[in-house]
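> Following is a predicted model, sequence given first.
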Amino acid sequence: MPELLKALLVSASLGALLGLERQWSGERENPTADTLAGARTFAIWSALGTLCAWFGQEHQAGFFLAGFAGMIVFLAMFFYRRAAHDRDIGLTTGAVGLATYLLGGLVWHGQSKAAVVITVTMVVLLASKEWVHGLSRKFSRTDVYQALQFAAVTGIVLPLVPDHPYGPYGAFNPFKIWLMVVLVSGLGFAGYVAVRIFGEDRGIAMTGLLGGLASSTATTLAMSRQSRARPETGAVCALAVVLACTVMLCRVAVLVGAVSPSLLARAAPGLILTALPGLLFAAWNWRHFLRPSGSVPAPPSEVRNPLSLRIAIQFAILYALIVLLVQWAQAGFGGAGLYAASFFSGLTDLDAISLSLAQMQQGGSVAAEQAVRALLIAAGANSLLKAGLAVVLGGHAMRRPVVLVLGATVVCAAGAAWLL
């Protein structure tokens, strides 16, 4: 019996916390209206879940399920009657009520920690109503459609495609190719969402920081054009490019670690050394992050939603071709061919060559030392390309710092590759 009383106290407290949030939310939106359900009601619902779980375990199996069905019927009848008088019938409160009943059952079955985590998460989610609604308006219908389309195709394609090597050198594995697409697109989408959340009025520096997650090449192009169109923004555009290229190296580390943790452990010192010039430059120019909102608008059209099926298929083809190129180069020319393929692939896409090297090292077809050296060569080649874009497309004020920092990045990458 003391265990039951303890469980009732915990569940009632969790229910009351949810009820307080619902009560505060209702009073804030409409101070004169009656609260649909408050702290007392939710505490009772949670305690009811605990009691029904106890009865179901000690006396009659199925009692908890019967109680849950009763809750559904009770809430359905209540909302049916309320709908005749009020368009806002409070479906969110009803859904939270059902969840509260289940939380009471969790507490009785010894899952108090899980119940607390779920309760706190629900409170935060409920309290973030205005923020969530505002966030949803930042995304276009096309963004939502592409995300749903990509999720559906991925959920169907990934489990069904064969997990076997095909073609020359066994370079084509449909499952691994599409898995890499999902990994890169998902990480890129995280950066795209971050850009959408923070918006254009956070300044070019923040756009560069977040743009490195979505596309460092697109960010370099955007900032180069911006610096030429508005020369007074050259310094902060240079910072944005450096930030994007530095974040790109962090993104590569995440991708490599997801496929081959052992390769990441070997490559981490070299990647850190390669990123050092960009980190020092960003630290020196930290004051740019303190610019007020709306100081310098950033062009949003340069960074596209990475969940587009067309973009995903293009990356899949590129990834497959790079795997074939690397396998062919290694088979025909040994280590020298691998390094040459990594250099030219890094000029095109650093994600694809990084994932290819991690996949082959994990499978044993490439030695760890060779994979690390090839990865650093690809990173240096990619930085070399970004410096070239800045020189050709960027304004005068942007060129000097970008060339100096990315040039130092190339030197560090080459030095790390030689030392390792």
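Sure, I can see it. These numbers were taken from a predicted model, which means no experiment stands behind them. Residues are numbered from 1 along each chain as shown.

> Assign a three-state SS to Gln60, would you?
Using DSSP: H, G, I helix; E, B strand; the rest coil, the three-state assignment for Gln60 comes out as coil.

> In PDB, list the C-alpha atoms belonging to stretch 55-67.
Output of stretch 55-67 as PDB, limited to C-alpha atoms (Å, rounded to 0.1, in the frame of the first residue of the first chain):
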ATOM      1  CA  PHE A  55      -6.500  -2.700 -10.100                       C
ATOM      2  CA  GLY A  56      -5.400  -4.200 -13.400                       C
ATOM      3  CA  GLN A  57      -2.300  -5.700 -11.900                       C
ATOM      4  CA  GLU A  58      -3.700  -6.800  -8.500                       C
ATOM      5  CA  HIS A  59      -7.300  -7.800  -9.200                       C
ATOM      6  CA  GLN A  60      -8.700  -7.700 -12.800                       C
ATOM      7  CA  ALA A  61      -6.600  -7.900 -15.900                       C
ATOM      8  CA  GLY A  62      -7.700  -5.300 -18.500                       C
ATOM      9  CA  PHE A  63      -8.900  -2.800 -15.900                       C
ATOM     10  CA  PHE A  64      -6.400  -0.200 -17.100                       C
ATOM     11  CA  LEU A  65      -7.500  -0.600 -20.700                       C
ATOM     12  CA  ALA A  66     -11.200  -0.400 -19.700                       C
ATOM     13  CA  GLY A  67     -10.400   2.800 -17.800                       C
END
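
> Using neighbour counts, pick out the buried residues of that stretch.
Buried positions in stretch 55-67, judged by neighbour count with 16 or more other CB atoms under 10 Å: Phe55, Gly56, Phe63, Phe64, Gly67. In short, each C-beta sits where N, CA and C put it, glycine included.

> Ile156 - how many residues pack around it?
When counting by other CB atoms under 10 Å, one arrives at 10 neighbours for Ile156.

> Show the model's pLDDT score for Gly188.
We have a pLDDT of 55 for Gly188.

> doesn't Ala244 make contact with Ser216?
Yes: with contacts counted by CB atoms under 8 Å, Ser216 reaches Ala244, the gap being 4.2 Å.

> between the buried residues of stretch 55-67, which is nearest Leu325?
Of all those, Phe64 has the smallest distance to Leu325: 59.4 Å, by CB to CB.

> Can you find the helix or strand in this structure with the smallest mean pLDDT?
helix 174-198 (a mean of 64; mean pLDDT, DSSP states H and E).

> thinking again about what came up before, could you export the buried residues of stretch 55-67 as a markdown table, including distance to Ala417, pLDDT and secondary structure?
Converted to a markdown table, the buried residues of stretch 55-67 look like this (distance: CB to CB, whole Å; pLDDT from 0 to 100; DSSP: H, G, I helix; E, B strand; the rest coil):
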| residue | distance to Ala417 | pLDDT | secondary structure |
| --- | --- | --- | --- |
| Phe55 | 68 | 86 | helix |
| Gly56 | 64 | 84 | helix |
| Phe63 | 67 | 84 | helix |
| Phe64 | 62 | 87 | helix |
| Gly67 | 65 | 86 | helix |
